[in-house]
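K.L.:
From the sequence below, what's the structure:
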Amino acid sequence: MSILSYLNPIKAVVDAVASPVKSVLNKRETTKQHHQQAKAKYEQAKLSSKTHVTLTDAEWEALSKVNENQTWKDEYATIIVTFPLLCIMVGGIYLAFTGDSRLLDGTNIAMERLASAGVDIGFLMNTVVLAAVGMKVWRQK
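P.N.:
So this is what the prediction gives:
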């Protein structure tokens, strides 16, 4: 057997590991380029006293990615607003295994109190989940 026959499995493993890493690095570089293009368009519009800047989808997403890294308030809002859904699911599972409905009862009382305070929790959950999924889904339709 030649040494090349031993190297083929090693090459396959290295390729399997390197390919996703290379893909992530390429994506990061592309996002960086789109961000720079968007900034350049903004600066050019500012110099020529234009009030509108037209960005491509990729440039818009690149700008939003840069801004996402500066805060975690979106994640906080998503967790808080979808927490009742998690409580309902966990409460249902807990009830099925233990016969104890306290968690589910407490969640129901909390949902009733939110509703009586005028909070449309269904609308909030819908909005937050759609925002978390992002504009990609909306743009594909």
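K.L.:
okay, CA-based contacts and neighbour counts for the rest of this
P.N.:
Will do.
K.L.:
Got phi/psi on D100?
P.N.:
When quoted as degrees, to the nearest 10, the phi and psi of D100 stand at phi -100, psi 120.
K.L.:
ok, it touching Y94?
P.N.:
Yes: counting by CA atoms under 8 Å, D100 touches Y94, with 7.0 Å between them.
K.L.:
Would you mind listing where the protein has pLDDT under the threshold?
P.N.:
Along the chain, segments meeting pLDDT under 70 span 1-14, 17, 21, 24, 28, 31, 34-35, 37-71, 134-141.
K.L.:
how about the helices of it, start to end?
P.N.:
3-47, 57-68, 73-98, 102-116, 121-133, 135-140 (DSSP state H).
K.L.:
what residues are up against L95?
P.N.:
Going by CA atoms under 8 Å, 6 or more residues apart in numbering, L95 touches S101, L104.
K.L.:
mind running it again at 6 Å?
P.N.:
Contacts for L95 (CA atoms under 6 Å, 6 or more residues apart in numbering) come out as S101.
K.L.:
Distance of it relative to I88?
P.N.:
For L95, the distance to I88 equals 10 Å [CA to CA, to the nearest Å].
K.L.:
Give me the neighbour count for M89.
P.N.:
13 (other CA atoms under 10 Å).
K.L.:
I meant T107, not that one.
P.N.:
Counted with other CA under 10 Å, T107 comes out at 19.
K.L.:
L25: what's it in contact with?
P.N.:
By CA under 6 Å, 6+ apart, L25 has no neighbours at all.
K.L.:
how far away is it from A18?
P.N.:
As judged by CA to CA, L25 and A18 stand 10 Å apart.
K.L.:
Same question for I88.
P.N.:
On the measure of CA to CA, I88 and A18 end up 42 Å apart.
K.L.:
Can you pick out the residue with more neighbours from these two?
P.N.:
I88 (17 against 11).
K.L.:
Domains in the chain, by residue range?
P.N.:
By the assignment in automatic domain parsing, the chain contains the domains 1-70, 71-141.
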